[in-house]
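> need coordinates for the following:
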Amino acid sequence: QVQLVESGGGLVQAGGSLRLACAASGRTFSNYAMGWFRQAPGKEREFVAAIRRNGVKTGYADSVKSRFTIYSDNAENTVYQQMNNLKPEDTAVYYCAADPVVITRTPDYWGQGTQVTVSP
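The predicted structure follows:
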């Protein structure tokens, strides 16, 4: 079992920045690929970003490329998502996820979510 706890959400004005953190506990953190998804009201949950177990290879949704950065700190068992130049359409509940090899559309483990609200 892997437990994931997100933090760092909040209210920010358009153009601002936030950093989300996802603290993992349970099985060895470095054995899992980690990712972020989000779900806006009335919409389906969507992929945002992912990082491979080696902490090097990353992937992003087109809507966040060049604005969001995912990175991990294996010593702290934590994955982060730096979000810059936030837009109102980034408003959503952001969920951390973990999968054994690569992040799939249905990860094995989910966090409880953290709300990000971007005002115009």
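> any idea which residue sits dead centre in the chain?
By Cα atoms, centre = their mean, the chain has its centre lying nearest to residue 36, at 2.6 Å.
> which non-adjacent residue is nearest it?
Take residue 36 and drop its neighbours on the chain: the residue closest to it by Cβ to Cβ, 6 or more residues apart in numbering is residue 48, 4.3 Å away. Any C-beta I mention is one placed from the backbone N, CA and C, and that applies to glycine too.
> and that neighbour, what is it in contact with?
35-38, 60-61, 64, 68, 81, 94 (Cβ atoms under 8 Å, 6 or more residues apart in numbering).
> and which of those residues is nearest residue 17?
residue 68 (10.1 Å; Cβ to Cβ).
> circling back to that earlier point, for the contacts of residue 48, name the two members farthest from one another.
Spatial extent of the contacts of residue 48 (Cβ to Cβ) is set by the pair 60 and 94 at 13.8 Å.
> comparing these two, which shows the higher neighbour count?
Neighbour totals were compared for residue 60 and residue 94, and residue 94 leads with 23 against 17 (other Cβ atoms under 10 Å).
> ok, back up a step: what's the helix or strand for the residue nearest to residue 36?
Following DSSP states H and E, one finds residue 48 within strand 46-51.
> tell me the buried residues in that strand?
Going by neighbour count (16 or more other Cβ atoms under 10 Å), the buried part of strand 46-51 is 47-51.
> for the very next helix or strand once past it, packing partners?
Downstream of strand 46-51, the first helix or strand assigned by DSSP H and E is strand 58-60. The helices and strands touching strand 58-60, judged by 3 or more Cβ pairs under 8 Å, 6 or more residues apart in numbering; DSSP states H and E, are strand 46-51, strand 68-73.
> can you tell me which of those strands is nearest to residue 89?
strand 46-51 (11.4 Å).
> what pairs with the closest one, and is each one parallel or antiparallel?
Take DSSP bridges as the rule and strand 46-51 pairs in its sheet with strand 33-39 (antiparallel), strand 58-60 (antiparallel).
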